[in-house]
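1. Whatever this is, show me its structure:
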Amino acid sequence: MPNMNPGLSLTRRLFYCALSAGLVLLSFPSFFEKTLTPVTAFFAWFALVPFFLALREAKPKTAAFLGFFFGFLQLGGILYWIAVLQAAEYLSGLGWAVLVFYLSLYFALFGWLYSFLINRLKISGVWIAPFVWLGLEYLRGSRPWGGFNWGEIGYSQAPYPVLLAFTTIAGVYGLTFLIVWFNVFLAKAIEPKVLLPNAHETGISGWPRWAYFALPLMVLFSVIVWGFYEVHSVFLKKSGTVALLQPSIDQTIKWSKSNETATYDKLEKLVGQAQLTHPDLIVWPETAAPDYLLLTPHVLERIRDIVVKSKTFNLVGCLDATRKTGAEVNYFNAAVHFSPNGQSLGVYHKRHLVPFGEFVPFQKYLTFLGPVVGNLGDFDSGDSYQKFQTATFSYSSMICYEVIFPDDARRALLTHADVLVNISNDAWFGWTASPYQHAMMAVVRSAEERKPLLRSANTGISLITDPLGNILNSTRLYEEQVLTGDVFVASGEPTLYARLGNWLPRLCLVVTFFLIIAALVKRKQKTMNVAAQPGIFLNLAKKEETDAS
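-> Modelled structure (predicted):
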């Protein structure tokens, strides 16, 4: 295989990477289009084609650089809102750069492995790319450092419930696998000599070029047909009604003690409006009560009074604290479930915290980052998920950021709750695309588990979905509103993903591991075979003398 395709310069490769990054960016809500249903979401199905063309016959080091360049442009654009966070003040730009740099290393590693495995194993990238890509995405979104899978390409398909049906098999990871596999097949199909002159053919011998078009299109068509059947065959039953509060309180005044009375006056007014529809549950957004609710008697009495007047169950976002043996106190981002008579029936403590937002990893060594997270940046993690019961349905609650992690939602619903409730406060992100991206990721959780999603956000986006991921009703940003709607539950057994979890990305990690072992073994065998050839060193010496003359 040539070291570098003479028809494809480094400049051209970088252009292809930039083109791919732009197409991926447009597949998501972005600064170009802030909406839950971007009309360009389907770009994901061909967005990676230029990137795979750029990797064509690149050496591993070059491929790693191309992967990093692609990853930095792609994620830098999707996560642009981090650079303008007012809460982080002067460190927002630095935080954006460090995070995007770190995340781009996964794409650099993908580029290196993709090139290395193709070169060593001499097999087509169509059988390598989706496994390596998904394995690395799984690592990117996993602990121990909290993980961050924001911008995973499978999430771009949230506007299409027919495609979201595929997530019931392997979660959003299954959709990502399919998209990457589809893209690499298309890239293989459009490698004409006019685009890549003198290209070395590394595909599967005997396959005509049209087959690389036909196979992925047939698979995608089959997935769509199956998804259409699933969406229209699942029986949905109304289980109750809900009212979601969106008070739209600006972050700059939310935590001001001087504004406390006005905050609770507004919430009381919204609860009063919600009560007129006689819902089975009223959901308040994350930290709607900006106090340590259960430990502050005058605030607790005010909340109880509001709840009693509503005559229904309420989930109230707030803060909480508990004291362990001794003097140690644990602080939590919490949600309290109240009965219609104002009694606290249970508390959920957020389990998956935001790094550098709700806690500082290695804070002992990063004390200078304290001002970034402010006074609310030192929370502890909860130890279990909770199932709360209303008169007509049960639900499990997740707070803000943790809903972006598929396995976290799966574990929350292992409580056998009927409904997934997500409370959030996206006021931190202003008028950027972040609240839309966040809401889309939450919608995918609904489809994976085939459970309705009830999402109450302080400034938006609040929404209600059915168990198929269809958005039945939603709000706009910074819109003071009570969002009401019916709660539908699906018939049938739990989805395959709900039962088995992240089986596909773990399988991809195993496959990637064995591919690497096979490549290393093959390299070692090649070295041994060369060394074992009779007179090999004499022949090499003669060749060098001939070349010198």
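
2. for the residue nearest to V39 when sequence neighbours are not counted, what are its contacts?
-> Leaving aside its chain neighbours, V39 sits nearest to E33 (7.4 Å; criterion: Cβ to Cβ, 6 or more residues apart in numbering). Where you see a C-beta, it was placed from the backbone N, CA and C, and this is true even at glycine. Shown in contact with E33 (Cβ atoms under 8 Å, 6 or more residues apart in numbering): L26, V39, T40.

3. low-scoring stretches of the stretch 201-350 of the chain, by residue?
-> Along the stretch 201-350 of the chain, the model assigns pLDDT under 70 to residues 201-206, 325-326.

4. can we see that at 90?
-> Along the stretch 201-350 of the chain, segments meeting pLDDT under 90 span 201-213, 250-261, 323-330.

5. what about the closest residue to V347 other than its chain neighbours, which helix or strand?
-> Take V347 and drop its neighbours on the chain: the residue closest to it by Cβ to Cβ, 6+ apart is V336, 5.2 Å away. Secondary structure from DSSP states H and E places V336 in strand 329-338.

6. Could you name the helices and strands sitting against whichever helix or strand comes after that strand?
-> Downstream of strand 329-338, the next assigned helix or strand under DSSP H and E is strand 344-349. With contacts taken as 3 or more Cβ pairs under 8 Å, 6 or more residues apart in numbering; DSSP states H and E, strand 344-349 sits against strand 329-338, strand 387-389.

7. tell me the angle of strand 344-349 relative to strand 329-338?
-> Angle of strand 344-349 versus strand 329-338, following axes from the mean of the first three to the mean of the last three Cα atoms, to 10 degrees, is 130 degrees.

8. any idea how far L85 lies from Y102?
-> Note on L85: its distance to Y102, by Cβ to Cβ, to the nearest Å, is 17 Å.

9. So for the two, which residue has more residues nearby?
-> Taking other Cβ atoms under 10 Å, L85 and Y102 do not tie; L85 has more neighbours (20 against 13).

10. does that one really touch W428, like I thought?
-> Yes - if you go by Cβ atoms under 8 Å, L85 and W428 touch, sitting 6.5 Å apart.

11. What is the distance between the strand holding V336 and the centre of its chain?
-> 25 Å (Cα atoms, centre = their mean, to the nearest Å).

12. neighbouring contacts of the helix or strand where Y395 lies?
-> In this structure, Y395 sits in strand 394-399 according to DSSP H and E. Counting by Cβ under 8 Å, 6+ apart, the neighbours of strand 394-399 from elsewhere in the structure are 281, 286, 315, 317, 333-335, 337, 348, 350, 385-388, 408-409, 412-413, 415-424, 454.

13. Would you reformat the contacts of E33 as CSV and include secondary structure and neighbour count?
-> Output for the contacts of E33, formatted as CSV (DSSP: H, G, I helix; E, B strand; the rest coil; neighbours: other Cβ atoms under 10 Å):
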residue, secondary structure, neighbour count
L26, helix, 20
V39, coil, 10
T40, coil, 16
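
14. ok, those residues vs R120, which is closest?
-> Using Cβ to Cβ, the shortest approach to R120 within the contacts of E33 belongs to L26, at 35.0 Å.

15. what's the closest non-adjacent residue to the closest one?
-> The nearest residue in space to L26 (Cβ to Cβ, 6+ apart) is T40, at 4.3 Å.

16. likewise A334?
-> Spatially, and ignoring its direct neighbours in sequence, A334 is nearest to D320 (3.7 Å; Cβ to Cβ, 6+ apart).

17. Now do that neighbour against A409, distance only.
-> 22 Å.

18. W127 now?
-> 31 Å.

19. Looking at these two, which has the bigger crowd around it?
-> A409 (27 against 16).
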